[in-house]
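J.: Everything below, folded, please.
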Amino acid sequence: MKRCQKIVSYSIAIGFVIIIVLSICGIILMGYSTADHRISDIKQNLDSIISRIESYNVSNHTLPEAMSQLNFKQTINGYLYEGNMGIDIRFRYYNLSDGSYLVEVFNEEEDSIINQFYSPAHQWENEPDNMVWFKIETKAYELSQIKKIHDILNPVSSYRFSIPFTLDSVTRNDNILSILSDITIHCDSIGYLTIKSPDKQTRMEGWTAFDRYVYPAEYLGCMFGEWKYYDGQGNCYRKFWNYKENDRLIYETDR
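T.: Predicted coordinates:
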């Protein structure tokens, strides 16, 4: 009798162990499957960016000078591609003026390139040692400084609501301007906005389109045209925010 009880106990224990092992294997396999699907989704989204560039090239017999020509949204971190499965990709584009182009996807936290597409190679590369590097004039340093200033002064918390600002030359928009931005807002007014630091030193200034019912200290509006950004040492950095006026795109080339 006792022997039968031991056999039953051992069988139950072995069965329990088998269930645990199978469960762990299932979780691992599921993890691999999810990771594979995510990699596939990212690759599909990256290819969609290239497809839009190539389609423009075929239709216009020339490469685009700026991604705003392809209706990509312009952000402080580069252009935004809102991809499938909720995957957002921010990237920079360079027309190399020899019939080729370069697209680079950045890690925003580390400001490092994680994916690169060089058109003559016709493929994405994520290994730094295999990426191509050019000695081209870019505004990478200026953009990094602008991002730091913008992120500090952008009113996204109640603490920043107290930052001094002035809003001049306010006029009605009348839908003359269609702003390219990553934020959807009804822009019924335009004005010249100056954002200052707590010690009242000018840190950001330029034209913005905004909703007259949304206080500028809560939302900077949709910046357009030339903006100037000043660091703590008084150095000035310039950025042009592309926009549309009377359905005509006003832009500067990406570089």
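J.: From here on, just use CA atoms for contacts and neighbour counts.
T.: Will do.
J.: Would you map the helices across the stretch 51-200 of the chain?
T.: Secondary structure of the stretch 51-200 of the chain, counting by DSSP state H, counting those that start in this stretch: helices at 140-153.
J.: mind listing the strands in it by residue range?
T.: 73-75, 78-82, 88-95, 101-107, 112-118, 123-125, 165-172, 177-179, 189-196 (DSSP state E, counting those that start in this stretch).
J.: Tabulate the ones you listed (TSV), appending mean pLDDT.
T.: Listed next are the strands of the stretch 51-200 of the chain as TSV, based on pLDDT from 0 to 100:
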stretch	mean pLDDT
strand 73-75	86
strand 78-82	87
strand 88-95	89
strand 101-107	88
strand 112-118	88
strand 123-125	91
strand 165-172	84
strand 177-179	65
strand 189-196	89
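J.: Tell me which of those sits nearest to N246.
T.: strand 177-179 (6.7 Å; Cα to Cα).
J.: Just want to check the distance between Y192 and P128.
T.: Here the criterion is Cα to Cα, to the nearest Å. By it, Y192 lies 42 Å from P128.
J.: okay, those two: which has more neighbours?
T.: Each of Y192 and P128 has its neighbours counted (other Cα atoms under 10 Å); Y192 has more, 17 against 13.
J.: contacting residues around the residue lying closest to the more buried one once chain neighbours are set aside?
T.: Closest residue to Y192 apart from its sequence neighbours, by Cα to Cα, 6 or more residues apart in numbering: W207 at 4.4 Å. Going by Cα atoms under 8 Å, 6 or more residues apart in numbering, W207 touches I190, G191, Y192, L193, M223, F224, G225, E226, W227.
J.: Residues in a beta bridge with the last one, which ones?
T.: Spelled out, that is W227. G206, K239 (DSSP bridges).
J.: Does it touch C236 like I think?
T.: No - contact criterion Cα atoms under 8 Å: W227 and C236 do not qualify, at 10.0 Å.
J.: quick one: which of those two has more around it?
T.: In this view W227 and C236 are compared by other Cα under 10 Å, and W227 has more residues nearby, 20 against 15.
J.: For D247, see how far away the more buried one is.
T.: In terms of Cα to Cα, W227 sits 21 Å off from D247.
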